[in-house]
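J.: return atomic coordinates for the entry below.
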Amino acid sequence: MDWIILRWLLVILVSLIIIIPFLYHRKLLMECRRNIERYKIEGDKRYRDLANLLPQLVVELDANGHFTFINDAGLEFIGYTKYEVKNGINIFDIIHPDDLNDFKEEFMYLMEGGINKGQEFRVVTKKKSILFVVLFLKVIDTEGEFHNGLRGFIIDISDRKKLERKVLSAVLETEDKERQRFSEDLHDGLGPLLSTVKLYVNQMKSSKVTKEEEKEMLDYANELLDDAIRTTRNIANNILPGSIVDNGLIPTVSSFCNHVRKAGNIKVEFNHNIKDRLGDNIEINLYRIVIELVNNSIKHADANDLKINIFLDKDSLMLEYYDNGIGFDVDKVKHGLGLNNVCNRAQSLNGDYQFDSEPGIGMHFHLTVKLWAKKLQD
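T.: Got it, this is the predicted structure:
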């Protein structure tokens with residue numbers, strides 16, 4: 001009897017030795033799982049809180065393109081509520097129909113682990129606005145195992161696209177204006193000269209012309225041909241100022257100022273401290289800005305006193321232009337093509353520029369170009 005009791009006591013003791021550690025380890029395992037789950041929830045919360053602070057669109061998508069997460073900026077961008085997104089709106093619904101096939105191909109490529117190339121697509125918001133975006137998405141990868149989903153940024157580039165269209169429109173408008181001016185130069189300048197030469201040649205073929213008259217007409221024709229050659233050279237110089245390429249900005253501007261002085265009762269003062277060449281691109285743009293400003297001052301501002309300063313200060317090139325014309329209200333004036341050309345050329349040099357003027361007190365234009373930034377851009 002004592003032996004049976006002892007045996008049961010031994011069984012109970014062995015059972016306790018086995019069960020107690022098992023229960024203890026099970027408790028530790030459950031605590032670890034709870035901690036992991038808590039850390040995961042806290043990590044997800046921190047991730048979402050951080051994502052909601054970003055101005056970019058942060059998204060997570062499942063394998064079917066449904067949003068598993070979209071931050072506040074993303075919701076504001078597409079115009080849908082969290083409830084609408086949660087109940088069926090996915091990324092395929094907001095891609096422009098004309099871009100949908102390309103987007104689906106890109107989506108499948110990324111889901112297979114492809115490298116993101118920053119593809120551009122159009123997005124249609126809830127209010128039917130069409131916006132341009134660039135996608136930066138990558139398959140979700142946790143501890144080396146691919147999950148069925150994508151995560152990343154969507155960057156709004158609509159403003160950049162609008163600016164590109166404005167620049168393109170300005171370029172096309174400028175080109176049309178240049179073509180028109182080129183046509184007028186040929187028609188008004190070269191055309192009459194050649195027509196007169198032809199008239200003299202036809203007259204010389206007439207039997208009624210004496211030898212003396214023929215010689216006189218030939219001399220006139222030669223003079224007209226010389227004028228035609230000079231006119232052709234001037235037209236070519238208006239298209240691309242070759243004197244800048246050959247001689248540089250300062251001699252070309254000086255020559256231009258001399259021509260302006262000789263053309264009428266106009267005072268032109270030109271000051272500079274430039275000793276070296278600045279590069280064809282910057283010199284041609286500065287020259288075009290100067291002649292456009294002078295042209296506006298003479299034709300539209302009735303100015304007769306002009307001042308041009310071009311100075312180099314360390315890595316900054318500064319253009320100062322003054323006239324004593326009728327002036328204008330900077331806030332109200334509608335820029336014509338001439339002033340738009342000045343602004344476009346200043347922007348092409350990454351320059352900071354400003355017009356200062358008031359009715360009756362003339363105009364001041366200031367342009368600063370950082371040469372080191374221009375070199376980096378080139």
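J.: can we go C-alpha only for contacts and neighbour counts from here?
T.: Will do.
J.: all helices of this protein, in order?
T.: All helices of the chain, identified by DSSP state H, fall at 2-53, 72-78, 82-86, 91-94, 100-111, 158-184, 191-204, 211-239, 242-247, 249-263, 280-299, 337-348, 371-377.
J.: how about the CA coordinates for stretch 270-287, as PDB?
T.: Below are the C-alpha coordinates for stretch 270-287, written out as PDB (Å, rounded to 0.1, in the frame of the first residue of the first chain):
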ATOM      1  CA  PHE A 270      27.500 102.400 -71.100                       C
ATOM      2  CA  ASN A 271      29.700 101.300 -68.100                       C
ATOM      3  CA  HIS A 272      31.300  97.900 -67.400                       C
ATOM      4  CA  ASN A 273      34.200  96.200 -65.700                       C
ATOM      5  CA  ILE A 274      34.200  93.000 -67.800                       C
ATOM      6  CA  LYS A 275      37.600  91.900 -69.000                       C
ATOM      7  CA  ASP A 276      37.000  88.200 -70.000                       C
ATOM      8  CA  ARG A 277      34.500  86.400 -72.100                       C
ATOM      9  CA  LEU A 278      31.400  85.000 -70.300                       C
ATOM     10  CA  GLY A 279      30.400  82.200 -72.700                       C
ATOM     11  CA  ASP A 280      28.200  82.500 -75.800                       C
ATOM     12  CA  ASN A 281      24.900  81.600 -74.100                       C
ATOM     13  CA  ILE A 282      25.000  84.200 -71.400                       C
ATOM     14  CA  GLU A 283      26.500  86.800 -73.700                       C
ATOM     15  CA  ILE A 284      23.800  86.400 -76.400                       C
ATOM     16  CA  ASN A 285      21.000  86.400 -73.800                       C
ATOM     17  CA  LEU A 286      22.400  89.600 -72.100                       C
ATOM     18  CA  TYR A 287      22.700  91.300 -75.500                       C
END
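J.: flag every buried residue along it.
T.: 282, 283, 284, 285, 286, 287 (16 or more other Cα atoms under 10 Å).
J.: I'd like to check what contacts that stretch. Which residues are they?
T.: 241, 244-245, 248-250, 252-254, 257, 307-312, 345-346, 349 (Cα atoms under 8 Å, 6 or more residues apart in numbering).
J.: now find how far off-centre it is within its chain.
T.: Remark: stretch 270-287 is offset 25 Å from the chain centroid, using Cα atoms, centre = their mean, to the nearest Å.
J.: how much space between the residue positioned nearest the centre of the chain and residue 294?
T.: Of all residues in the chain, the one closest to the mean position by Cα atoms, centre = their mean is residue 164, 5.5 Å from it. Distance, residue 164 to residue 294, by Cα to Cα, to the nearest Å: 29 Å.
J.: one more: residue 160?
T.: 33 Å.
J.: who's more crowded, the two?
T.: residue 294 (23 against 11; other Cα atoms under 10 Å).
J.: pLDDT at that one, what is it?
T.: On pLDDT, residue 294 comes in at 84.
J.: partners of the closest residue to it other than its chain neighbours in the sheet?
T.: Of all residues not flanking residue 294 in the chain, residue 306 sits nearest, at 7.7 Å (Cα to Cα, 6 or more residues apart in numbering). Bridge pairing for residue 306 (DSSP bridges) gives the partners residue 268, residue 323.
J.: so for residue 306, what pLDDT did the model give?
T.: pLDDT, read off for residue 306, is 91.
J.: for it, give me its contacts.
T.: Contacts of residue 306 by Cα under 8 Å, 6+ apart are 266, 267, 268, 269, 294, 321, 322, 323, 324.
J.: repeat that with 6 Å
T.: 268, 322, 323 (Cα atoms under 6 Å, 6 or more residues apart in numbering).
J.: likewise for residue 322?
T.: Counted by Cα under 6 Å, 6+ apart, residue 322 has contacts 306, 307, 363, 364.
J.: what distance do you get for it to residue 295?
T.: Residue 322 is 13 Å from residue 295, by Cα to Cα.
J.: ditto for residue 177
T.: 15 Å.
J.: now do residue 248
T.: For residue 248 relative to residue 295 (Cα to Cα), the value is 21 Å.
J.: please pull out the lowest mean pLDDT helix or strand from this structure.
T.: For the chain, using mean pLDDT, DSSP states H and E, the weakest element among its helices and strands is helix 371-377, scoring a mean of 49.
J.: how about stretch 222-234: buried residues?
T.: 224, 225, 227, 228, 231, 232.
J.: dump the residues you listed into JSON lines; add pLDDT and distance to residue 115 as well.
T.: Formatted as JSON lines, those follow (pLDDT from 0 to 100; distance: Cα to Cα, whole Å):
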{"residue": "224", "pLDDT": "77", "distance to residue 115": "68"}
{"residue": "225", "pLDDT": "81", "distance to residue 115": "66"}
{"residue": "227", "pLDDT": "74", "distance to residue 115": "64"}
{"residue": "228", "pLDDT": "78", "distance to residue 115": "62"}
{"residue": "231", "pLDDT": "72", "distance to residue 115": "59"}
{"residue": "232", "pLDDT": "77", "distance to residue 115": "56"}
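J.: can you list these in JSON lines and add distance to residue 129?
T.: Shown next, in JSON lines, are the buried residues of stretch 222-234 (distance: Cα to Cα, whole Å):
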{"residue": "224", "distance to residue 129": "61"}
{"residue": "225", "distance to residue 129": "61"}
{"residue": "227", "distance to residue 129": "58"}
{"residue": "228", "distance to residue 129": "56"}
{"residue": "231", "distance to residue 129": "52"}
{"residue": "232", "distance to residue 129": "51"}
